[in-house]
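Asker: Could you look at this predicted model? Sequence included:
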Amino acid sequence: MDNTALTRRTALVALSATLVSTSGCSLTTAPPSPRETLPATQIDPDVAVAVSVLGRIRDVRSRIVGSQSGAGLSPRALSQTLAAHEAKLTTAVPASLRPTASPSAPAHRLSVPEVRKEIRGLQAALVDGAQGARSGAFALLLASMNAALAQHLHPVTRGSM
């Protein structure tokens, strides 16, 4: 078997294992059959979505560093959430395909409306990715990431329910 080959099963198992690990379940899989192996030049569509979303998360995370807090929005907490999302997706993306964040720091600290705009753009990418995902588990992961970001944009405050 070619070590540079990427299989759909490998990508999906990595995502599923990530989801399962958070639920306390175990996961056992058989090795992929030779007919399921994709050449390294062909990337599984779900892996391509993961690469795209991972790049977007890293980019947004690098731009919100040091941003202003206010109106119920905490860039520090948001950055921690994005770091967790990044870690989940990194397991599904081969090292050779992992995008890097913008190398430079933002030219200025983003205002709260600018941070909200960045997060809404990321949410749109997550929705698009979830809609295009072939794996239900992967679509669920992207949808849950979107929901987590929505909680940062619209925090529930005491007495609001």
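Answerer: Alright, I've got the coordinates.

Asker: Can you identify each of the strands in this structure by residue range?
Answerer: 6-7, 37-38 (DSSP state E).

Asker: what does the average pLDDT come to for the last one?
Answerer: In other words, strand 37-38. Regarding strand 37-38, the rounded mean pLDDT is 47.

Asker: C-alpha coordinates for stretch 59-75, PDB please?
Answerer: What follows is stretch 59-75 as a C-alpha-only set of coordinates in PDB (Å, rounded to 0.1, in the frame of the first residue of the first chain):
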ATOM      1  CA  ASP A  59      -7.100  33.100   9.500                       C
ATOM      2  CA  VAL A  60      -9.900  34.400  11.600                       C
ATOM      3  CA  ARG A  61      -8.100  33.400  14.800                       C
ATOM      4  CA  SER A  62      -5.000  35.200  13.800                       C
ATOM      5  CA  ARG A  63      -7.000  38.400  13.100                       C
ATOM      6  CA  ILE A  64      -8.900  38.500  16.300                       C
ATOM      7  CA  VAL A  65      -5.900  38.300  18.600                       C
ATOM      8  CA  GLY A  66      -5.800  41.400  20.800                       C
ATOM      9  CA  SER A  67      -9.200  42.600  19.600                       C
ATOM     10  CA  GLN A  68     -11.500  44.700  21.700                       C
ATOM     11  CA  SER A  69     -13.900  43.200  24.200                       C
ATOM     12  CA  GLY A  70     -17.400  44.500  24.700                       C
ATOM     13  CA  ALA A  71     -21.100  44.000  24.100                       C
ATOM     14  CA  GLY A  72     -20.900  40.500  25.500                       C
ATOM     15  CA  LEU A  73     -18.100  39.400  23.200                       C
ATOM     16  CA  SER A  74     -14.800  38.100  24.500                       C
ATOM     17  CA  PRO A  75     -12.100  37.700  21.900                       C
END
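
Asker: Now do it, average pLDDT.
Answerer: Taken as a whole, stretch 59-75 carries a mean pLDDT of 81.

Asker: for stretch 89-104, same thing?
Answerer: Averaged across stretch 89-104, the pLDDT comes to 77.

Asker: Okay, buried residues for it please.
Answerer: Residues of stretch 89-104 classed as buried: 89-90, 92-94, 97, 101 (neighbour count, 16 or more other Cβ atoms under 10 Å). Any C-beta I mention is one placed from the backbone N, CA and C, and that applies to glycine too.
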